[in-house]
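Asker: how does the following fold in three dimensions:
(2 chains)
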2 protein chains.
Amino acid sequence: MAKKEKDFVKEITPMEEDFSRWYTDVILKNELVDYSPVKGFMVIRPYGYALWERIQGFADEKFKATGHKNMYFPLLIPESLLTKEKEHVEGFAPEVAWVTHGGSQKLGERLVIRPTSETIICHMYAKWLNSYRDLPYLYNQWCSVVRWEKATRPFLRTSEFLWQEGHTLHETNEEAQAETLQMLDIYRQVAEDLMAIPVITGQKSEKEKFAGAHATYTMEALMHDGQALQAGTSHNLGQHFTKAFDIKFQGRNGQEQHPYHTSWGISTRLIGGLIMVHSDNRGLVLPPKMAPIQVVIIPIAMNKEGVMEKANNLYDSLKAAGIRVELDDNKENSTGWKFNQYEMKGYPIRIEIGPRDIENNQVVAVRRDKLEKETLSLDNIEETISSMLASMQVDMFEKAKAHRETHTYVVDDYEQYKKDLPNRPGFAKMMWCGDRECEDKLKDETGASIRCIPFEQENLGCKCHICGKEAKHMIYVARAY
Amino acid sequence: MAKKEKDFVKEITPMEEDFSRWYTDVILKNELVDYSPVKGFMVIRPYGYALWERIQGFADEKFKATGHKNMYFPLLIPESLLTKEKEHVEGFAPEVAWVTHGGSQKLGERLVIRPTSETIICHMYAKWLNSYRDLPYLYNQWCSVVRWEKATRPFLRTSEFLWQEGHTLHETNEEAQAETLQMLDIYRQVAEDLMAIPVITGQKSEKEKFAGAHATYTMEALMHDGQALQAGTSHNLGQHFTKAFDIKFQGRNGQEQHPYHTSWGISTRLIGGLIMVHSDNRGLVLPPKMAPIQVVIIPIAMNKEGVMEKANNLYDSLKAAGIRVELDDNKENSTGWKFNQYEMKGYPIRIEIGPRDIENNQVVAVRRDKLEKETLSLDNIEETISSMLASMQVDMFEKAKAHRETHTYVVDDYEQYKKDLPNRPGFAKMMWCGDRECEDKLKDETGASIRCIPFEQENLGCKCHICGKEAKHMIYVARAY
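Answerer: Have a look, this model is predicted:
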């Protein structure tokens, strides 16, 4: 990189120097979020929100295609509802915000701002459900939730975040289990197909499961720095809540029974993952399917005859091909400034078009992930660009997957793992007996946790790497956000 | 209406008998909303939420087409921010919900759940804005807000509701004024072009304007019962907030100055208007553009050879033509039950197809607003149905407009108006001197309020109808929701 180019991006701390500052720099310089006057609460600015809108659009379409409908439940939940399911209240009560006054009146009963909506939704489902003919209930809501966090970081952990929460009821446990796994697979598609983030899917340990769940399934991604991120979870809630809230229906046999229940969610946290998987020291790198703007056209020597005309034609033909394109004809900013600006913003492709290009019926294109100049013919340019975008999407996924693979280790000896871990961040694969004691020991001694018991089990021996007893599961272990 | 048919819909109270019960019946029977365990808070059920999604989709597209971007600001606002603009805090403080504890900790400063977001947004804008080059700021957010209401009604007035709030900054007052009116016109399109609700647009009086606004503009619709509904507002906020929050930019002349400011919002309240403008004693009547399902196909004598095949073909061709269509092949419910069910739900067109129709290459179609059977050829059926939907959309708008016109009266004599009002609900047009005293007197004596000073002024004399002094404005007056 030439010295001059380096200067342009000096505002972003290199990730090798300080990963955490790099992350914050990328977010703040790109105006994705800002800190709000309420500690731990973030403002999501337009460029950040546009990323969320892409996730919403993709996921909402998949939810609807699988028969789900959206609803909206109240923001506030009475204390008495929150406390109905024992494990749930123990999990959430320490981190909720309490509303005590409405207008000038002190409330008879305190209300919590929803940390998640199982309780109020179950309360309503109990009122609505009558017969097996009404099932399944396949509903979702897009909303914000509040969990009072002590240490916060934009997107990754904030006291308020945006998410969707699906809440379904089923006649049988088998159907609930199938739904739980179906929704996890839709989340996998959001991560892998839309965001180009490869994920490991599997089940959470008892310790790590959702408060009140029968079983929690998760997708786990690996960040640049070798730490893991829980990127979405889907819970089979069994009958825990449907019994606590007395949700019943008349079954096919005429008997009353409790339905089986699932919930599942993804949140703005995914955007944190997007940044920590793909971006670099120049700023954001956005997979084409996620990018609010996929191509920016930068005319060179705009005063020269024919340049703006060709640039406008190019803009029109890319737009007509369904490409999200922008033309930057601003005259106050230099071309070099523009190049660096759009690299920071992570626009997938920048196209330069100047007098010499026009003479030669060509343009120069630069893919953000490669930063190499390519000369492209203007003939069928929209097809060429579409296929460049498609290749870039695939390449980014493959690159992230390769990074994960070079940062995934098979543990041979637990003592050695403990020594190596500080210098070898990433996923460790090992065997586990299934006991909570070993899980706690692992966490205490290494700071790493069991990310999941993956669906794709591998046989790495028959003994638990931690205690030496008989192993039950192969697990993924990592320090995590 | 035959007796038997009447029986089917007996669950909805006729509007002539009790308008308020009719409204609630239509909403609850259709499962648009339900009451939640927190007083004044509603649950929006899937069919109701689908109506909101149509409004969102239409409006969001218009916002984006006019250069606006979405963002998200925190749910909670510190008390000290809420109180920075004097008129604003006086307007909202009595009706906010207070958060006093986060987790187990008492908060150092109380927080309010946003009743609207001018204050927190202005706080952030002050931090971000530098130069005239950054302007205009054209931003919007979709969210829920909380205003502690004493008397609530689903959609019309609830302690929490869904809305969008746009917040823009401009270099000059002229630009802010143009934005304010542009957004009001987009709202008019939402009401008239999407929802088939005719509206009167104009300015609010000083008394009725938004707390802290320079001027508030509104669109007002007339309900079946002759009461008005404020259906959307757009505020020119001048420099009230930008001064209070010290938002400044460097102008073209190099001097620091305060920008001009607008905000504008529509909410789930519009759905209440939709019901009270179009629906009838059989239930909902949905304009085709608003209807989540536009056409339902009901096969008759499903066992007969060819019926299901033809019904499925019909479904495929309507779907391929972009029509939102459903096929009801349920065998447990009778045809009569289905007819009544879909009439209650307000599906714009129902199509019956049976053996005799197939023989004659035809179907029977019934428009929900007319309830008359029409025989249609199966040739080019998708074009026929598309044009029926388009006519229905127009007819519903015209019908609502005709209703408004027959319920709009020119006031000749104020004393006579007072006497007539109880038996003649609707819009009254009269002249007004512009004084608050007359406005208060009108409200005290009649319960009616000035809905707006319409953009389309008419000359109804030169004297104020209330006090006899010189008139300044022609106004629309009505009792309102």
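Asker: show me the shaky parts of chain A.
Answerer: For chain A, applying pLDDT under 70 flags the ranges A:1-10.
Asker: give me the domain ranges for it.
Answerer: Per automatic domain parsing, the structural domains of chain A span A:10-278, A:295-389, A:408-478.
Asker: any idea which of those is most buried?
Answerer: Highest mean neighbour count among the domains of chain A (mean count of other Cβ atoms under 10 Å in any protein chain shown): domain A:10-278, with a mean of 20. Quick note: C-beta positions are derived from backbone N, CA and C, even for glycine.
Asker: that one: how far from the chain's middle?
Answerer: 11 Å (Cα atoms, centre = their mean, to the nearest Å).
Asker: pretty sure residue A:42 contacts residue A:32?
Answerer: No: checked against Cβ atoms under 8 Å, the pair residue A:42 and residue A:32 is beyond contact range at 9.4 Å.
Asker: quick check: neighbours shared by these two?
Answerer: Here residue A:42 and residue A:32 have A:154-155 as joint contacts, going by Cβ atoms under 8 Å, 6 or more residues apart in numbering or on different chains.
Asker: ok so, going back, nearest to residue B:38, of the domains of chain A?
Answerer: domain A:10-278 (5.2 Å; Cβ to Cβ).
Asker: what's in contact with the helix or strand encompassing residue A:64?
Answerer: For residue A:64, the element it lies in under DSSP states H and E is helix A:46-65. Helix A:46-65 is contacted from outside by A:27, A:30-33, A:44, A:70, A:140, A:142, A:155, A:162, A:164, A:166, A:186-187, A:189-190, A:194-195, A:266, A:268, A:270-271, A:274, A:286, A:289-290, A:292, A:345, B:69-72, B:139, using Cβ under 8 Å, 6+ apart.
Asker: so which of these belong to helices?
Answerer: Residues of those located in helices (DSSP state H): A:27, A:186-187, A:189, A:270-271, A:274, A:345.
Asker: give me every residue that touches residue A:288.
Answerer: A:294, A:348-349, A:389-390, A:392-393.
Asker: by contact count, what packs against the lengthiest helix in chain A?
Answerer: Ranked by residue count, the top helix of chain A under DSSP H comes out as helix A:381-406. Helix A:381-406 makes packing contacts with strand A:215-222, helix A:269-278, helix A:307-320, strand A:349-353, strand A:362-367, strand A:373-377 when contacts are defined by 3 or more Cβ pairs under 8 Å, 6 or more residues apart in numbering or on different chains; DSSP states H and E.
Asker: in CSV: the ones you listed, plus distance to residue B:368.
Answerer: Shown next, in CSV, are those (distance: least, Cβ to Cβ, whole Å):
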stretch, distance to residue B:368
strand A:215-222, 44
helix A:269-278, 42
helix A:307-320, 38
strand A:349-353, 49
strand A:362-367, 53
strand A:373-377, 54
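Asker: to chain B, which of the ones you listed lies closest?
Answerer: Smallest distance to chain B across the helices and strands packed on helix A:381-406 (Cβ to the nearest Cβ): 11.8 Å, for helix A:269-278.
Asker: phi and psi next, for the residue lying farthest from the centre of chain A.
Answerer: Ranked by distance from the centre of chain A (Cα atoms, centre = their mean), the top residue is residue A:305, with 46.5 Å. With angles defined as degrees, to the nearest 10, residue A:305 sits at phi -60, psi 130.
Asker: ok, it - contacts?
Answerer: Per Cβ under 8 Å, 6+ apart, neighbours of residue A:305: none.
Asker: could you measure it against residue A:355, distance?
Answerer: As for residue A:305, its distance to residue A:355 is 8 Å (criterion: Cβ to Cβ, to the nearest Å).
Asker: what do you get for residue A:396?
Answerer: Going from residue A:396 to residue A:355 by Cβ to Cβ gives 33 Å.
Asker: ok, the contacts of residue A:288 vs chain B, which is closest?
Answerer: For the contacts of residue A:288, the nearest to chain B is residue A:294 (16.5 Å; Cβ to the nearest Cβ).
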